[in-house]
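1. Fold the following.
(2 chains)
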Amino acid sequence: ELKVEQNPLFLSMQEGKNYTIYCNYSTTSDRLYWYRQDPGKSLESLFVLLSNGAVKQEGRLMASLDTKARLSTLHITAAVHDLSATYFCAVDIGDAGGTSYGKLTFGQGTILTVHP
Amino acid sequence: GAGVSQTPSNKVTEKGKYVELRCDPISGHTALYWYRQSLGQGPEFLIYFQGTGAADDSGLPNDRFFAVRPEGSVSTLKIQRTERGDSAVYLCASSSSGRAGKTQYFGPGTRLLVL
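-> Alright, predicted model coming up:
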């Protein structure tokens, strides 16, 4: 059974600081997704990582994937209040034949609060 | 453009009742997914449709849950004999295909409360 674990689960940051959220998963996969969720809202896609060593950046967020370590990171640079949200990673391992069809297994989420 | 829509946005029902939750995917998206999100947790997969057929329903918790997508567009999640433990946010997502790497676009969810 695939397990996806995020660390930390709660993160309180000062504006302007840097930090990293970690996502570990238990089964081989090279398909990892990051989503953002604001309170009471649905999920917004941030990044799709599809190969070992993939790195994507958007604004103050950068995501990377190490499939050998079964680890993805979401790095926050110079945090601002608008980044306060819950961040989820999700992994797709496909079916027994290795075909992917997008069935995602999510981590527990990291609640990020950025304060002055 | 129009995103994924779900109705109703909120549903309150009594234990034992039957409910239907509707999802309108993005036009042209062939893949449709249902997830369930409990408070403080990540979404959990329920069922995946490719076109009209359920390609994977392994996440449905029991036979009280059923979903259809008769014309390959709108989908309905049906829950019979609701229980208090069914209370959660039910999320629908769609993607342009079921292939790897396609972004799943989520709807706003239906918040179900079973009293």
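
2. Now do the strands in chain A.
-> For chain A, applying DSSP state E gives strands covering A:4-7, A:10-14, A:19-25, A:32-37, A:43-49, A:55-58, A:61-66, A:71-76, A:85-91, A:105-106, A:110-115.

3. now the last one: mean pLDDT?
-> Think strand A:110-115. For strand A:110-115, mean pLDDT rounds to 96.

4. cool, and the first one?
-> In this model, strand A:4-7 has an average pLDDT of 97.

5. Deepest in the core, which of the strands of chain A is it.
-> strand A:85-91 (a mean of 25; mean count of other C-beta atoms under 10 Å in any protein chain shown). Every C-beta, even on glycine, is put in place using the N, C-alpha and C of the backbone.

6. before we move on, the earlier item: show me the one of the strands of chain A that comes nearest chain B.
-> Minimum separation from chain B across these (C-beta to the nearest C-beta) falls at strand A:105-106, 3.1 Å.

7. Quickly check: the closest one near chain B or not.
-> Yes. Judged by C-beta under 8 Å from any C-beta of the partner chain, strand A:105-106 comes into contact with chain B at A:Thr105, A:Phe106.

8. any weak-confidence spans in chain A?
-> Within chain A, the ranges that satisfy pLDDT under 70 run A:94-101.

9. near chain B, which residues of it?
-> Near chain B, when you scan chain A using C-beta under 8 Å from any C-beta, you find A:4, A:31, A:33, A:35, A:41-45, A:48, A:50, A:88, A:90, A:92, A:94-95, A:100-109.

10. For stretch B:21-30, could you pull out the residues that count as buried?
-> Across stretch B:21-30, burial judged by 16 or more other C-beta atoms under 10 Å in any protein chain shown covers B:Leu21, B:Cys23, B:Asp24, B:Pro25, B:Ile26, B:His29, B:Thr30.

11. Which helix or strand contains the first one?
-> Right, the one you point to is B:Leu21. Under the criterion of DSSP states H and E, B:Leu21 resides in strand B:19-24.

12. Sheet-wise, list the partners of that strand with their directions.
-> strand B:5-7 (antiparallel), strand B:75-79 (antiparallel) (DSSP bridges).

13. Tell me where chain B has strands.
-> With DSSP E as the definition, chain B shows strands at residue ranges B:5-7, B:10-13, B:19-24, B:31-37, B:44-50, B:53-56, B:65-68, B:75-79, B:88-95, B:105-106, B:110-114.

14. distance of the residue of chain B found nearest chain A from A:Leu9?
-> Residue nearest to chain A within chain B: B:Gly42 (3.1 Å; C-beta to the nearest C-beta). B:Gly42 sits 11 Å away from A:Leu9 when distances are taken as C-beta to C-beta, to the nearest Å.

15. more crowded one of these two?
-> B:Gly42 (22 against 14; other C-beta atoms under 10 Å in any protein chain shown).
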